[in-house]
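K.L.:
below: sequence and its predicted model.
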Amino acid sequence: MVGLLGQNAEPANTEPASNLPSTQRHFDVCPIWLELAIRHLSDAQVAQAARVETWRDTDEPSKTGALEWEFEASIQAIVMCGMAIEAFYAVVQTIIHSPQSLTDEWRDERTPRYIQICEVVRRAFSLEPKTVSSLRQTMGEIFRFRDLAIDPCGKMDTQVLHPELGIGVEWRFAYFRYENALLIVRATLQLIGALVGSGKPKDADLQKYIDTLRWSVESLQNRNVLSGRKQEPYSDPRVA
């Protein structure tokens, strides 16, 4: 049976990975997700500026359009942060290989995803308890927002006070706005940056991986949008 993508969906190069050059054996998507998070954060910053400007008028459709624009850019930035952490974890997990008994325990107890990731990272980098506690707190908040973006059950019709506008809005406009996206993108880069910058794994392959990843993360941490400085605005069709 032909798959949904057709007969030509398979990669052209079917040579075993062991026969490929080492540079072709692993395509690291972690820095790509981080790059995408920053791009959407930049969009969210511009959208926030447009929303502030639009709110001075009385045109309700334009106000709604401004909120939607900021929401869409912010939620994408936040989801990309979760994907970056998942991608980082996937590589670490592949190298470290957690015991099957631990995996079974997580499944049986329905251990939250961020706790699973923290435990694997703790083992991989031999982290101190204080560092693990901070890591859990930060990652828990990142994944709380990521999970709300994927499954907002229980909040569908909730109205909350918008922290900047001081009026009641759909919960998503208060949660997924530029200010929160900025905090989460910064936290994600700091989290991964700290691990690849000062982490000292015992595994040689993991050390090689973080040595390679470090340059990408450090270059991303220098992006102007992370400073919160305003950019030049541009118009969006939803904000008339």
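P.N.:
Here it is on my side, so go on.
K.L.:
Glu70 and Ala44 touch, don't they?
P.N.:
Yes - if you go by Cβ atoms under 8 Å, Glu70 and Ala44 touch, sitting 5.9 Å apart. Just so you know, the C-beta spots here come from the backbone N, C-alpha and C atoms, and that holds for glycine as well.
K.L.:
what residues are shared contacts of the two?
P.N.:
When contacts are counted by Cβ atoms under 8 Å, 6 or more residues apart in numbering, Glu70 and Ala44 have 177-178 as shared neighbours.
K.L.:
count of residues packed around Leu195?
P.N.:
Leu195 is flanked by 22 other residues according to other Cβ atoms under 10 Å.
K.L.:
what helices or strands is the longest helix along the chain leaning on?
P.N.:
For the chain, the helix with the greatest residue count under DSSP state H is helix 60-96. Helices and strands touching helix 60-96, by 3 or more Cβ pairs under 8 Å, 6 or more residues apart in numbering; DSSP states H and E, are helix 30-54, helix 113-125, helix 129-150, helix 171-175, helix 178-198, helix 204-220.
K.L.:
what is the second one packed up against?
P.N.:
Here helix 113-125 is seen to pack against helix 60-96, helix 129-150 when contacts are counted using 3+ Cβ pairs under 8 Å, 6+ apart.
K.L.:
tell me the buried residues in it?
P.N.:
For helix 113-125, burial by neighbour count (16 or more other Cβ atoms under 10 Å) applies to 113-114, 116-125.
K.L.:
list the buried residues in the helix or strand that the longest helix of the chain is followed by.
P.N.:
Next along the chain after helix 60-96, taking DSSP states H and E as the criterion, comes helix 100-109. Neighbour counts over helix 100-109 (16+ other Cβ under 10 Å) mark Trp106 as buried.
K.L.:
could you give the angle of helix 100-109 to helix 60-96?
P.N.:
Between helix 100-109 and helix 60-96, the angle comes out at 150 degrees (axes from the mean of the first three to the mean of the last three Cα atoms, to 10 degrees).
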